[in-house]
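only geometry, no sequence info:
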């Protein structure tokens, strides 16, 4: 297990993640030719939608070998609409390579994925890519990493030249220059002496590296302070320790597209990133007592435990579940246990994935990332273990969906098929959702952004062969309340020859947790059996997504069950379900409901000449500028903007900046809409209440 590395490659869109991964596969012998993103033949971008658009949409896994080590790699998307792919990949990885554009440095989505990696405490190394591009500046990128991430970052390589004069790199640990052979696409390289004009600069950077490392190891610090020469092995050992334990970021450089810098990056993965053993024991929760901690050691001889981090559909073998095995081992045909669903699952196949290709295995053990066939119940984020020694690992957080479109099948034959497909897509992608709007009767699909929904619609037609009509993208509004209110309801009716009775009193009040509906019961079990309390809670949570104003889901509401009447002869779950739904709606109606809209965090990078136009356009969209900063001839504008004004913004921005600006937009929070605007939104839907 010490020879295994589970790593992810993460970055802003177009920084060159997939291009770097393609070179890694070629130089490790996994691929026999280099695939290119712009040609649509990259191995890791296997979906037809990825090949057409030249972007990564779904995280793809592969396994390769380098210096007797097994490296499991997950290439993640850079586009913000597919941030869930990065989230669930980082959840199960031991280390990551952050790829940065040598011109742009730390871009908005780089910061997002970096924060996700911080959440899971993932050790990282940085690779400054595209050193051959006009405007590439290695020193600026290293400084940007330090400032934006508040991390200790040091160059362990330095570029020989830049832009069209980029020739190779200098290894600051061994103090050797490395030049790649262009005749064999960079497969071979040779070491040389450092160019004379870079000697002094490299000496200073090496001294800075050693001085920084002295802070992470007492023995190393002692040697440095005494003026003793430190060896290459000692430097590497301390870099490894600092990366794994202390958030130290060693910075490498190269030009993946020009086949330069990839092999030393692979060496760095082996030398500096942790194995499953280095990451240590894994903490989980006891099934019966969630507050009690359970521990598993990363050892094949331990009791089996794993985490399912992705569900996908393979055209040849059906539904496959990607899992990271934390402890123990299991075999084909074995039963494993899902403690959250309390279900046994049978493993019919174990697959080692190479993008969309597969190789069958008979067994899999701790440290491995594999896909398994045969699981019927398990979804993303759930734990798998053995039934006699269950454990539950922490669940993942899934982002809020903020945009929707209405879809309808073209024929009645497609109607049932469409619902099955949407169920399957929701099973695969936790950031996708769908439901019927009771007010309009429309079937709405919800996603993270326009591109996310565009891909979903494309897949429904192309992959699943179902014809649908598609409406325009709509903002996914929410509803909340502004006051506290209490309502009671009694349901008493004879159904199927039996009297059904239920009565409850509910209080609703606003809570500021940016969450859905919280439920609390003041009624004791001795006053009302637990199954009826559960029926009331379920009814409230089933009613909340329907809203009260216009059919939008309620958020930020706390519901308290104040009291409930009980009749031993006629009380039924149906009675309490109906009573709770009526009481909840009435209480919300009295509590002055308001409409809320999603506010997006917007980051625009534009040439300085167009700053005024961009800012005034944001203001016209009811946006608010929160920060502005100047960086190498460009202005970074940070702001908060209601999503309602941002449809088609990429076209607006292109026309205002002659195509020279780019932006990233992520969901920030929900905010109550001003009354006049809320009135016009509701009136468009035929609702006149303001």
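Nice, thanks for sending it over. Model, not experiment: these values are computed from the prediction.

strands along the stretch 351-500 of the chain, start to end?
Using DSSP state E, counting those that start in this stretch, the strands of the stretch 351-500 of the chain run over 357-361, 363-365, 369-373, 383-385, 403-409, 433-436, 443-447, 468-470, 474-475, 478-481, 485-495, 498-510.

quick one: residues contacting residue 281.
295, 296, 297, 298 (C-beta atoms under 8 Å, 6 or more residues apart in numbering). No exception for glycine: its C-beta is placed from N, CA and C like everyone else's.

residue contacts, residue 217?
238, 241, 242.

quick check, nearest of these to residue 141?
Nearest to residue 141 out of the contacts of residue 217 is residue 242 (C-beta to C-beta; 19.8 Å).

chain neighbours aside, what residue packs nearest to that closest one?
Distances taken as C-beta to C-beta, 6 or more residues apart in numbering place residue 248 nearest to residue 242, at 3.5 Å, with adjacent residues excluded.

that neighbour touches residue 152, doesn't it?
Yes - here residue 248 reaches residue 152: they are 5.4 Å apart, a contact under C-beta atoms under 8 Å.

any common contacting residues for these two?
Residues touching both residue 248 and residue 152 (C-beta under 8 Å, 6+ apart) are residue 212.

would you point out the helix or strand in the chain whose mean pLDDT is lowest?
Least confident helix or strand, the chain: helix 48-53 with a mean of 62, by mean pLDDT, DSSP states H and E.

low-confidence ranges in the stretch 501-650 of the chain?
By pLDDT under 70, the weakly predicted segments of the stretch 501-650 of the chain are 513-514, 631-632.

show me where it has helices.
Applying DSSP state H, counting those that start in this stretch to the stretch 501-650 of the chain gives helices spanning 530-543, 573-590, 611-620, 649-657.

which residues sit against stretch 504-524?
480-489, 533, 536-537, 540-541, 544, 553-565, 576, 579-580, 583-584, 587-588, 591, 669-670.

filter the residues you listed down to the buried ones and hand me the ChimeraX line.
Burial among the contacts of stretch 504-524 is assessed by 16 or more other C-beta atoms under 10 Å; the matching ChimeraX selection reads:
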select :480,481,485,486,487,488,489,533,536,537,540,541,544,553,554,555,556,557,558,559,560,561,562,564,576,579,580,583,584,587,588,591,670
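
re earlier: moving C-terminal of the least confident helix or strand of the chain, what's the next helix or strand?
Remark: after helix 48-53, the chain's next helix or strand is strand 60-66, criterion DSSP states H and E.

in that following strand, what's buried?
60, 61, 62, 63, 64, 66.

mind listing what the closest residue to the fifth one other than its chain neighbours touches?
I take that to be residue 64. Leaving aside its chain neighbours, residue 64 sits nearest to residue 28 (3.9 Å; criterion: C-beta to C-beta, 6+ apart). Going by C-beta under 8 Å, 6+ apart, residue 28 touches 64, 65, 66, 71, 266.

now for those: which two are most distant?
Farthest apart among the contacts of residue 28 by C-beta to C-beta are 65 and 266. That separation is 10.2 Å.

tell me who's in contact with the residue nearest to residue 242.
By C-beta under 8 Å, 6+ apart, the neighbours of residue 248 are 151, 152, 153, 154, 212, 213, 216, 239, 242.

please apply the same query to residue 452.
The neighbours of residue 452, taking C-beta under 8 Å, 6+ apart as the test, are 81, 82, 403, 431, 432.

pLDDT score for it?
On the pLDDT scale, residue 452 is placed at 85.

same question for the one 5 residues further on.
Among the per-residue scores, residue 457 shows a pLDDT of 90.

my guess is it contacts residue 407. True?
Yes - contact criterion C-beta under 8 Å: residue 457 and residue 407 qualify, at 7.2 Å.

now do the shared contacts for these two.
445, 468, 470.

circling back to that earlier point, tell me which of the contacts of residue 28 is nearest to residue 384?
residue 71 (23.7 Å).

which SS state does the closest one fall under?
On the three-state scheme (DSSP: H, G, I helix; E, B strand; the rest coil), residue 71 is labelled strand.

what is residue 189 paired to in the beta sheet?
residue 180 (DSSP bridges).

list the contacts of it.
Taking C-beta under 8 Å, 6+ apart, one finds 168, 178, 179, 180, 181, 263 in contact with residue 189.

from residue 181, how far out is it?
6 Å (C-beta to C-beta, to the nearest Å).

biggest strand in the chain by residues?
strand 593-607 (DSSP state E).

show me where pLDDT drops low in the protein?
Using pLDDT under 70, the chain drops low at 32-57, 78-81, 356, 437-440, 513-514, 631-632, 688-690.

name the residue most distant from the centre of it?
Farthest-out residue of the chain from its mean C-alpha position, per C-alpha atoms, centre = their mean: residue 497, at 52.2 Å.

number of nearby residues for the closest residue to residue 257 other than its chain neighbours?
Nearest residue to residue 257, sequence neighbours excluded (C-beta to C-beta, 6+ apart): residue 19, at 5.4 Å. Residues lying near residue 19 (other C-beta atoms under 10 Å) number 24.

how would you label residue 19: helix, strand or coil?
Secondary structure assignment for residue 19 (three-state DSSP): helix.

how far does the one helix or strand residue 22 maps to sit from its chain's centre?
Element membership of residue 22 [criterion: DSSP H and E] is helix 17-27. Counting by C-alpha atoms, centre = their mean, to the nearest Å, helix 17-27 is centred 22 Å from the centre of its parent chain.

equivalent analysis for stretch 446-463, please.
From the chain centre to the centre of stretch 446-463 is a distance of 17 Å (C-alpha atoms, centre = their mean).

repeat that for stretch 278-293.
With C-alpha atoms, centre = their mean, you get 23 Å for stretch 278-293.

again with stretch 101-121
Centroid displacement of stretch 101-121 relative to its chain, using C-alpha atoms, centre = their mean, is 12 Å.

in that stretch, which residues are buried?
101-114, 116-117, 120.

looking at these, which are in strands?
Using DSSP E, the buried residues of stretch 101-121 in strands are residue 101.

before we move on, the earlier item: just send the contacts of residue 189 back as a markdown table, with neighbour count and distance to residue 351 too.
As requested, those are exported to a markdown table (neighbours: other C-beta atoms under 10 Å; distance: C-beta to C-beta, whole Å):
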| residue | neighbour count | distance to residue 351 |
| --- | --- | --- |
| 168 | 22 | 39 |
| 178 | 21 | 37 |
| 179 | 14 | 40 |
| 180 | 23 | 35 |
| 181 | 12 | 36 |
| 263 | 21 | 29 |
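
strands of the stretch 101-250 of the chain, start to end?
Under the criterion DSSP E, counting those that start in this stretch, strands of the stretch 101-250 of the chain are mapped to 124-129, 153-155, 157-160, 168-171, 176-180, 189-192, 249-253.

how about residue 574: what's its closest non-neighbour residue?
residue 500 is the one closest to residue 574 (C-beta to C-beta, 6+ apart), at 5.0 Å.

you'd agree that neighbour is up against residue 569?
No - between residue 500 and residue 569 there is no contact under C-beta under 8 Å: 11.3 Å.

okay, the two: which has more neighbours?
The neighbour comparison of residue 500 against residue 569 (other C-beta under 10 Å) goes to residue 500, with 20 against 6.

what separation do you get for that one and residue 95?
Applying C-beta to C-beta, the value for residue 500 to residue 95 is 58 Å.

what's the answer for residue 621, then?
With the distance defined as C-beta to C-beta, residue 621 ends up 40 Å from residue 95.

looking at these two, which is more packed in?
Neighbour totals were compared for residue 621 and residue 95, and residue 95 leads with 23 against 17 (other C-beta under 10 Å).

now do the phi/psi pair for the more buried one.
In terms of degrees, to the nearest 10, the main-chain angles of residue 95 are phi -160, psi 170.
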